[in-house]
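1. Below is the structure, and that's it, no one-letter string:
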């Protein structure tokens, strides 16, 4: 079975266009997400076009019984894995320059999302070209593609801290040199000067998990590091490299599993601090679901 | 989480009257006359070595290297 030239063109063009659009939509510049600069934008858009093209060409190739074309998809998967490597490597290199690093878990999460976005572009392109081929209509193809992009949002949906926990403002209390929040000792601050700054500009919040799953997840050091990184990068730190006593801290309350976050910010606005922490992604790669285990359920009930 | 107390002691700043609370180890011990001086010396050392100062509440301050 062969496809006539015009249909071939519309299958491929439509697939590439919708696939690239999908990648473009996910490439929105975000306050936290790398890339936030034009070069990174270009790199990822180009890779998006390539993956869309692979998806779009796969349909006519299969129809024309060019089954070897499938091997190209395997090649593409390899290529996307490379994208993940690139992201990871570049973020890891920048870790040394961060006062509060992202942490391995957060980097891994970002890298995985970047890889997945290319698969989305490819899947959307494939669906679109298939729809164009079956219906012989560009309009229906575009509609199907648009619908696929819309539905892909559910696949790519990420959870935030606000979904798994409550974030409540709290107060820092000094007991002698000990920095305490709700009777939990976070640090021993020897310098009077440091204590004065913390009392003046320090903020504390409590992250209270909503259930067993979030209790275990929120105790993960990767998520806690991501919270510190996000908060520090949005409110600014008083800390410098030679004032380690002003470093942001997290500590778990071993009575109830709450997480306490303390930060000495340039702009100590507690409402903003709570808002920022609520919007930190609850890193999917380190989340645990012990409620799915019978043993864990028994222990906690 | 390398922000926590994971480093090593680089210096000990102790009041002379709390001499019995410290014994020589790997870190140098600096004796000071009063608490004011203790704060000052600890602050200088903290800035020089990028170390955090911890008060043991027995007249002894330890400086722990963080970065």
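-> Here it is on my side, so go on. This is a predicted model, so every value here is computed, not measured. Numbers count the residues shown, from 1 in each chain, chains lettered A, B, ... in the order given.
2. gap between the two ends of stretch A:24-43?
-> 12 Å (Cα to Cα, to the nearest Å).
3. ok, residue A:133 touching residue A:60?
-> Yes: counting by Cβ atoms under 8 Å, residue A:133 sits close enough to residue A:60 to count as a contact (7.2 Å). All C-beta spots, glycine's among them, are computed from the backbone N, C-alpha and C.
4. Can you pull the residues that touch both of those two?
-> Taking Cβ atoms under 8 Å, 6 or more residues apart in numbering or on different chains as the contact rule, residue A:133 and residue A:60 both touch A:3, A:11.
5. For burial, what's the neighbour tally of residue A:59?
-> Summarising burial for residue A:59: neighbours were counted as other Cβ atoms under 10 Å in any protein chain shown, giving 24.
6. element containing the closest residue to it other than its chain neighbours, please.
-> Computed as Cβ to Cβ, 6 or more residues apart in numbering or on different chains, the closest residue to residue A:59 that is not its neighbour in sequence is residue A:129, at 4.1 Å. Here residue A:129, judged by DSSP states H and E, is contained in helix A:104-135.
7. Which elements pack onto that helix?
-> Under the contact criterion of 3 or more Cβ pairs under 8 Å, 6 or more residues apart in numbering or on different chains; DSSP states H and E, the helices and strands touching helix A:104-135 comprise helix A:5-25, helix A:38-63, helix A:69-94, helix A:138-155, helix A:221-235.
8. low pLDDT regions in chain A?
-> Confidence mapping of chain A against pLDDT under 70 gives the ranges A:1-2, A:28-37, A:301.
9. how near is the closest residue to residue A:117 other than its chain neighbours to residue A:86?
-> Counting by Cβ to Cβ, 6+ apart, the nearest residue to residue A:117 once its immediate chain neighbours are dropped is residue A:26, at 4.6 Å. Counting by Cβ to Cβ, to the nearest Å, the gap from residue A:26 to residue A:86 is 16 Å.
10. Mind checking which of those two has more residues around it?
-> A count of neighbours by other Cβ under 10 Å puts residue A:26 above the other of residue A:26 and residue A:86, at 21 against 16.
11. what's the more buried one in contact with, if anything?
-> For residue A:26, the contacting residues are A:117, A:120, A:156, by Cβ under 8 Å, 6+ apart.
12. just the buried members of those residues?
-> Neighbour counting by 16 or more other Cβ atoms under 10 Å in any protein chain shown classes A:117, A:120 among the contacts of residue A:26 as buried.
13. Tell me the residues of chain A that contact chain B?
-> Contact residues (Cβ under 8 Å from any Cβ of the partner chain) of chain A with chain B: A:100, A:176-177, A:187-194, A:221, A:224-225, A:228, A:241-245, A:247-250.
14. Thought residue A:62 was touching residue A:72, still the case?
-> No: contact criterion Cβ under 8 Å: residue A:72 and residue A:62 do not qualify, at 11.2 Å.
15. tell me the domain ranges of chain A?
-> Domains of chain A are assigned by automatic domain parsing as A:5-155, A:161-300.
16. Specify the stretch among these that is closest to residue B:21.
-> Taking Cβ to Cβ as the measure, those were each checked against residue B:21, and domain A:161-300 came out nearest at 14.9 Å.
17. what's the span of that closest one, first residue to last?
-> This stretch, domain A:161-300, spans 22 Å end to end (Cα to Cα).
18. Count the neighbours of the residue lying closest to residue A:190 once chain neighbours are set aside for me.
-> Taking Cβ to Cβ, 6+ apart as the measure, residue A:190 lies nearest to residue B:53, with 3.3 Å between them; neighbours along the chain are not counted. Neighbours of residue B:53 under the rule other Cβ under 10 Å: 27.
19. Surely residue B:53 is within a strand?
-> Yes: the assignment for residue B:53, made by DSSP: H, G, I helix; E, B strand; the rest coil, places it in a strand.
20. so how far is residue A:166 from the residue nearest the centre of chain A?
-> Nearest to the geometric centre of chain A sits residue A:110, at 4.9 Å (Cα atoms, centre = their mean). Relative to residue A:166, residue A:110 is positioned 26 Å away (criterion: Cβ to Cβ).
21. Over to residue A:188?
-> As for residue A:188, its distance to residue A:166 is 29 Å (criterion: Cβ to Cβ).
22. who has more neighbours, those two?
-> For residue A:188 versus residue A:166, neighbours defined as other Cβ under 10 Å are more numerous around residue A:188 (20 against 15).
23. The more buried one: what's it in contact with?
-> A:177, A:178, A:179, B:5, B:54, B:55, B:56.
24. Likewise for residue A:128?
-> For residue A:128, the residues meeting the contact criterion (Cβ under 8 Å, 6+ apart) are A:14, A:15, A:17, A:18, A:19, A:56, A:141, A:142, A:144, A:145, A:148.
25. cool, and residue A:215?
-> With contact taken as Cβ under 8 Å, 6+ apart, residue A:215 is in contact with A:209, A:257.
26. Next, the angle strand B:51-55 makes with the helix or strand harbouring residue B:41.
-> Following DSSP H and E, the helix or strand that holds residue B:41 is helix B:35-49. Comparing the axes of helix B:35-49 and strand B:51-55 via axes from the mean of the first three to the mean of the last three Cα atoms, to 10 degrees yields an angle of 150 degrees.
27. Same question for helix B:35-49: list its buried residues.
-> Buried residues in helix B:35-49, counting neighbours by 16+ other Cβ under 10 Å, are found at B:38, B:39, B:40, B:41, B:42, B:43, B:45, B:46, B:49.
28. Does anything pack onto that helix? Which helices or strands?
-> helix A:192-201, strand B:9-15, strand B:29-32, strand B:51-55, strand B:60-65.
29. ranking those by burial, who's on top?
-> Between the helices and strands packed on helix B:35-49, the one whose residues have the most neighbours on average, counting mean count of other Cβ atoms under 10 Å in any protein chain shown, is strand B:51-55 (a mean of 25).
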